[in-house]
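Enquirer: I need the structure of the sequence given here:
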Amino acid sequence: MLAASGVRWVRMDFYWQRIETQKGRYDFTPYDRLMATLDQYHLRALFILDYSNKLYDEGKSPHTSTGRQAFARWAAAAARHFRGRGIYWEIYNEPNIDFWTPYPNVNDYTLLALECAKAIREAAPEEALIGPAVSLIDFRFLEQCFKAGLLEYWTAVSVHPYRRADPETVIEEYGRLRRLIDGYTPPGKRVHIISGEWGYTSASHDLDESWQAVMLSRTLLVNQSNGVALSIWYDWHDDGEDPKNIEHHYGLVFFPYHADRDPVYDAKPSYRAMQTLNKLLAGYRFSEKLTASNEHYILAFRKGDSICWAVWTTSSRENAVRIEVRPGKYRIFSHTGELVGLRTVAGTELTLAVTHAPQYIVPD
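Expert: Numbering: from 1, shown residues only. Next up, the predicted model:
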């Protein structure tokens, strides 16, 4: 069901403590099983090298030479074991908040990340490393990582741009992050940006399942149009059913698992939004934003000579926009995949009423 949504990556914790239960002995069996299943469905893995291990540093995040070396040996062994499988290895998760125990310390993190990167480069130099998976876009923490020289090793910088505001508010931050990365990247290298974790709950005071689907579409479209190389949506399935617990309702599908049924989960509108975006934009690359408006978004995507568009507005009012097109027939789809219009254009302009929910204009 996940593969059928068009998703092609899975981000997963790669728990140090569960793999090294005796010093120097690593059991990768559960992840071997996971990789075999992902391979079956042509899904790639982004594994998070995390967190602490009770065998070292009193179970706190690695902060001594002994702890860092142990973490790096384990990470190198993992990269060597799974080398050539197209995995992205992410060094830790949200070390700028309380996932780093007993409290965040950017100096301890950079020492660990460097030790880990050097060990992996020696053990499996072709493997891709990313980091630091910061909560939000923590520019102070990120710059300390860059000053420490981590961009020499990282293929991409991963951030978690959560916010209660509309996803379009991230655009200025992405621009600032791009400039910061470019200022520290070694000559001749291109370091990408990854949105490694970002979602909207369907149980917030101003969100429901329908609005979550709108937010998903706009989030992924904003990321694609701002040079983000990979977007990870949080979460796959709801984590519970408590209507007052917002943490339970980030998923693309509802919580109950129906083992005797296919599909085993009930899809939320956000699942259909993900599936629609991935299906309609398959093979297309973002080309350009066709309006300078801060309210209206007309994004053009190209595949060879073919062009399709994603269109929406952040305004609370329905607006009409004009899009320059070639003469021909066009289908218009809602963000959840319903066919909402067929247009035949004799001239070079298509007029469309747009709302907060993206619509896709696809040549017929």
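
Enquirer: thinking V228 is in contact with S195, fair?
Expert: Yes. Because the distance of 5.1 Å satisfies CB atoms under 8 Å, V228 is recorded as touching S195. Using the backbone N, CA and C atoms, a C-beta is placed for each residue, glycine as well.

Enquirer: mind listing the strands for the stretch 201-350 of the chain?
Expert: For the stretch 201-350 of the chain, the strands defined by DSSP state E, counting those that start in this stretch cover 228-233, 285-289, 296-303, 306-313, 319-324, 328-334, 339-345, 349-354.

Enquirer: Including mean neighbour count and mean pLDDT, could those go into JSON lines?
Expert: Converted to JSON lines, the strands of the stretch 201-350 of the chain look like this (neighbours: other CB atoms under 10 Å; pLDDT from 0 to 100):
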{"stretch": "strand 228-233", "mean neighbour count": "20", "mean pLDDT": "98"}
{"stretch": "strand 285-289", "mean neighbour count": "13", "mean pLDDT": "96"}
{"stretch": "strand 296-303", "mean neighbour count": "19", "mean pLDDT": "96"}
{"stretch": "strand 306-313", "mean neighbour count": "21", "mean pLDDT": "96"}
{"stretch": "strand 319-324", "mean neighbour count": "14", "mean pLDDT": "90"}
{"stretch": "strand 328-334", "mean neighbour count": "17", "mean pLDDT": "97"}
{"stretch": "strand 339-345", "mean neighbour count": "12", "mean pLDDT": "96"}
{"stretch": "strand 349-354", "mean neighbour count": "15", "mean pLDDT": "94"}
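
Enquirer: who's in contact with N278?
Expert: N278 makes contact with S5, G6, V7, according to CB atoms under 8 Å, 6 or more residues apart in numbering.

Enquirer: Quick check on the residues you listed: which are buried?
Expert: Among those, the ones that count as buried by 16 or more other CB atoms under 10 Å are S5, V7.

Enquirer: In helices, which of the contacts of N278 appear?
Expert: For the contacts of N278, not one is inside helices, with DSSP state H as the criterion.

Enquirer: ok, the contacts of N278 vs D242, which is closest?
Expert: The shortest gap between D242 and any of the contacts of N278 belongs to S5, at 24.9 Å (CB to CB).

Enquirer: For V345, give me its contacts.
Expert: Contacts of V345 by CB under 8 Å, 6+ apart are V325, R326, P327, G328, K329, Y330.

Enquirer: returning to that earlier point: right, so of the strands of the stretch 201-350 of the chain, which gets closest to R272?
Expert: Of all the strands of the stretch 201-350 of the chain, the one in closest proximity to R272, counting by CB to CB, is strand 328-334 (9.3 Å).

Enquirer: Can you give the contact residues for the closest one?
Expert: So strand 328-334 is in contact with 276, 280, 339-345, 350, 352, 357, 359-364, going by CB under 8 Å, 6+ apart.

Enquirer: hmm, try it at 10 Å
Expert: With contacts defined as CB atoms under 10 Å, 6 or more residues apart in numbering, strand 328-334 is touched by 213, 217, 272-273, 276, 279-280, 308-311, 323, 338-346, 350, 352, 355, 357-364.

Enquirer: Tell me which of the strands of the stretch 201-350 of the chain lies nearest to K60.
Expert: Distance to K60, taken as CB to CB, is lowest for strand 228-233 among the strands of the stretch 201-350 of the chain, at 26.9 Å.

Enquirer: how about that closest one as PDB, C-alpha atoms only?
Expert: The C-alpha coordinates for strand 228-233 follow below in PDB (Å, rounded to 0.1, in the frame of the first residue of the first chain):
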ATOM      1  CA  VAL A 228      14.800  20.200  -2.100                       C
ATOM      2  CA  ALA A 229      16.300  16.900  -3.300                       C
ATOM      3  CA  LEU A 230      14.100  14.600  -1.100                       C
ATOM      4  CA  SER A 231      11.000  15.000   1.000                       C
ATOM      5  CA  ILE A 232      10.100  12.700   3.800                       C
ATOM      6  CA  TRP A 233       6.500  13.100   5.000                       C
END
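
Enquirer: What distance do you get for W198 to I332?
Expert: Note on W198: its distance to I332, by CB to CB, to the nearest Å, is 27 Å.

Enquirer: Identify the residue nearest the geometric centre of the chain.
Expert: I232 (2.0 Å; CA atoms, centre = their mean).

Enquirer: Next up, the contacts around the spatially closest residue to that residue that is not a sequence neighbour.
Expert: Closest residue in space to I232, ignoring its immediate chain neighbours: R11 at 4.7 Å, by CB to CB, 6 or more residues apart in numbering. Counting by CB under 10 Å, 6+ apart, R11 touches 45-48, 88, 90, 93, 133, 158, 194, 196-197, 230, 232-234, 236.

Enquirer: can you put the strands of the stretch 201-350 of the chain in a markdown table and add distance to L112?
Expert: Formatted as a markdown table, the strands of the stretch 201-350 of the chain follow (distance: least, CB to CB, whole Å):
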| stretch | distance to L112 |
| --- | --- |
| strand 228-233 | 22 |
| strand 285-289 | 35 |
| strand 296-303 | 39 |
| strand 306-313 | 40 |
| strand 319-324 | 49 |
| strand 328-334 | 46 |
| strand 339-345 | 51 |
| strand 349-354 | 47 |
